[in-house]
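>>> what shape does this take:
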Amino acid sequence: MRQATLLSARRPVYTVSSVSARIKERLAGDSELQDIIVQGEVGDCKLSGAGHFYFSMKENEVQINCVTFSAEKRLSFIPENGDMIRVRGSVDIYAPRGVYQLRAESIERVGRGELWEEFLRLKEKLKEEGLFDRKHKKELPVFPEKVGVVTSGSGAAFHDIRQVISRRFPVEIILYPASVQGDGAVDEIVGGIEYLDGKVDVMIVGRGGGSMEDLWAFNEERVARAIFEAKTPIVSAVGHETDFSISDMVADVRAATPSEAAEIVVPEREKYIDLMDNLSLRFSVSVRRKLEEGSQRLDMAGERLERNMHEILRDRKERLARLNDVLERSDPMAPLAKGFAMVKRGGVWVRSAAEINEGETVSIVMADGEAEAGIKSVRKEEK
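As a prediction, the model looks like this:
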């Protein structure tokens with residue numbers, strides 16, 4: 001039905017590029033937007049490899065993208081973030097993206113604002129006192145159970161933090177709602193840090209992006225010292241990726257955004273589940289392999305024991321047979337079974353002819369009995 005309405009209107013259909021080209025033409029034809037002078041604070045500046053200088057000019061929460069082509073040839077200096085400048089140029093549109101920008105032909109430095117100078121003075125002071133030294137940085141817990149957050153309860157920063165933590169590794173989140181700009185912001189931020197210190201495992205202190213004025217509470221000395229003196233590890237997440245505050249420098253870890261801070265303070269659950277599954281599998285495989293190896297070693301030991309026992313028994317049997325043979329050969333009665341006889345006199349074995357005399361009575365011992373006999377004569381032989 002909607003398609004039919006569009007076709008029946010009989011209006012011309014433009015391509016995206018034709019619309020962008022018409023806007024570009026209209027801007028170029030507006031004399032009030034050509035060859036103008038604009039003043040503002042530099043931000044997001046970057047010099048490309050081709051020598052083009054891309055930057056933004058900010059005023060409070062409003063900013064405009066700017067570009068100077070062949071900047072190193074055209075400009076007498078390249079501005080830095082925080083510089084207050086005046087730019088002479090014309091408003092144009094970058095057709096491929098359909099965004100307007102200021103093509104800067106020349107740039108003049110106006111100076112740096114009072115806030116910037118105050119920022120530099122405090123930064124130098126705290127640096128000399130050692131508040132930024134690496135040796136004071138505390139390690140973040142790997143598996144925190146409670147995460148404290150000091151920020152606005154209604155801002156996008158807390159929403160992003162809560163969403164990321166819930167997705168990655170759900171833990172208890174304790175919010176201390178604090179104003180992040182304007183009157184009273186410093187007192188509330190410091191109060192939040194002091195209240196949560198020791199009650200949570202790790203703390204996120206920060207807010208979303210804004211101008212230097214908006215972020216200024218996180219450049220105050222009281223906030224910096226509260227972060228430094230806290231016993232709980234603190235992650236500072238102030239503004240966007242290009243914003244940098246005193247809080248970032250003194251905190252234990254600096255996050256480019258509140259979302260990144262949430263990613264830093266909690267692990268990724270799925271990654272650790274996979275890791276635990278892998279470790280469990282490796283452990284079970286290792287245990288099974290050890291049990292199999294142990295069973296195999298036990299079998300081999302049993303076989304060795306059995307062989308040793310057979311060898312010992314065989315040796316014992318051989319020794320017993322030899323001893324039995326010796327005993328049999330040593331049995332004084334053994335010769336009697338072969339037809340020999342032995343002589344006793346007075347119950348004592350006669351070992352020599354010299355032990356008996358003529359006329360004596362002796363006992364002749366044979367295998368199956370004894371007989372009494374008298375000695376008629378004794379013939380002794382010389383050895």
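>>> can you name the next helix or strand after the biggest helix by length in the chain?
The helix that spans the most residues within the chain, counting by DSSP state H, is helix 269-330. Later in the chain than helix 269-330, the nearest helix or strand by DSSP states H and E is strand 342-345.
>>> what pairs with that next one, parallel or antiparallel?
According to DSSP bridges, strand 342-345 forms sheet pairs with strand 348-349 (antiparallel), strand 361-366 (antiparallel).
>>> can you redo the ones you listed as JSON lines with mean neighbour count, distance to residue 380 and mean pLDDT?
In short, each C-beta sits where N, CA and C put it, glycine included. Output for the strands paired with strand 342-345, formatted as JSON lines (neighbours: other Cβ atoms under 10 Å; distance: least, Cβ to Cβ, whole Å; pLDDT from 0 to 100):
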{"stretch": "strand 348-349", "mean neighbour count": "10", "distance to residue 380": "18", "mean pLDDT": "84"}
{"stretch": "strand 361-366", "mean neighbour count": "15", "distance to residue 380": "16", "mean pLDDT": "82"}
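>>> phi first, then psi, for the closest residue to residue 88 other than its chain neighbours.
Leaving out its chain neighbours, the residue that sits closest to residue 88 by Cβ to Cβ, 6 or more residues apart in numbering is residue 106, at 4.7 Å. Phi and psi for residue 106, reported as degrees, to the nearest 10, are phi -150, psi 150.
>>> and residue 43, by the same measure?
The phi/psi pair for residue 43 (degrees, to the nearest 10) is phi -150, psi 160.
>>> same thing with residue 346?
phi 60, psi 30.
>>> check it and give its pLDDT.
If you check residue 346, the pLDDT there is 80.
>>> I'd like the strands paired with strand 342-345 as TSV, with distance to residue 87 appended.
Converted to TSV, the strands paired with strand 342-345 look like this (distance: least, Cβ to Cβ, whole Å):
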stretch	distance to residue 87
strand 348-349	142
strand 361-366	145
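>>> out of those, which gets nearest to residue 271?
strand 348-349 (99.3 Å; Cβ to Cβ).
>>> the closest one: how far from the chain's middle?
Relative to its chain's centre, strand 348-349 lies at 98 Å (Cα atoms, centre = their mean, to the nearest Å).
>>> contacts for that strand, please.
Contacts of strand 348-349 with the rest of the structure, by Cβ atoms under 8 Å, 6 or more residues apart in numbering, involve 342, 343.
>>> 7 Å - rerun?
Residues from elsewhere that reach strand 348-349, judged by Cβ atoms under 7 Å, 6 or more residues apart in numbering: residue 342.
>>> and for stretch 26-38?
57, 86, 87, 88, 90, 91, 92, 93, 100, 102.
>>> go again using 6 Å as the cut-off
86, 87, 88, 90, 91, 93 (Cβ atoms under 6 Å, 6 or more residues apart in numbering).
>>> now do stretch 173-181
147-150, 152-153, 185, 188-189, 192, 195-196, 200, 207, 214, 217.
>>> now the two most distant members of the residues you listed.
200 and 214 (26.3 Å).
>>> settle it for me: which of those two has more neighbours?
Neighbours per residue (other Cβ atoms under 10 Å) separate residue 200 from residue 214, with residue 200 holding more: 23 against 19.
>>> the more buried one reaches residue 145, doesn't it?
No - Residue 200 is beyond contact range of residue 145, at 8.6 Å (criterion: Cβ atoms under 6 Å).
>>> how is the protein carved up into domains?
The chain is divided into the following domains under automatic domain parsing: 2-111, 117-266, 268-330, 334-374.
>>> residue 381: which of those is closest?
It is, among the domains of the chain and with distance given as Cβ to Cβ, domain 334-374, at 7.5 Å.
>>> sorry, back to before: now the domains of the chain in a markdown table, with distance to residue 381?
A markdown table is the format used below for these (distance: least, Cβ to Cβ, whole Å):
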| stretch | distance to residue 381 |
| --- | --- |
| domain 2-111 | 132 |
| domain 117-266 | 108 |
| domain 268-330 | 26 |
| domain 334-374 | 8 |
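>>> could you look up the SS state of the closest residue to residue 233 other than its chain neighbours?
For residue 233, ignoring the flanking residues on the chain, the nearest one in space by Cβ to Cβ, 6+ apart is residue 138 at 4.3 Å. Secondary structure for residue 138, judged by DSSP: H, G, I helix; E, B strand; the rest coil, is coil.
>>> and residue 138, how far from residue 130?
Look at residue 138 and residue 130: by Cβ to Cβ, to the nearest Å, they are 15 Å apart.
>>> neighbour count winner among those two?
Per other Cβ under 10 Å, whichever of residue 138 and residue 130 has more neighbours is residue 138, with 14 against 10.
>>> that one touches residue 231, doesn't it?
No - contact between residue 138 and residue 231 fails when scored by Cβ under 6 Å: they sit 8.2 Å apart.
>>> and for residue 127, nearest residue in space, chain neighbours not counted?
residue 249 (7.9 Å).
>>> do I have it right that the one you found meets residue 131?
No - in this structure, residue 249 is not within contact of residue 131 by Cβ under 6 Å, at 7.7 Å.
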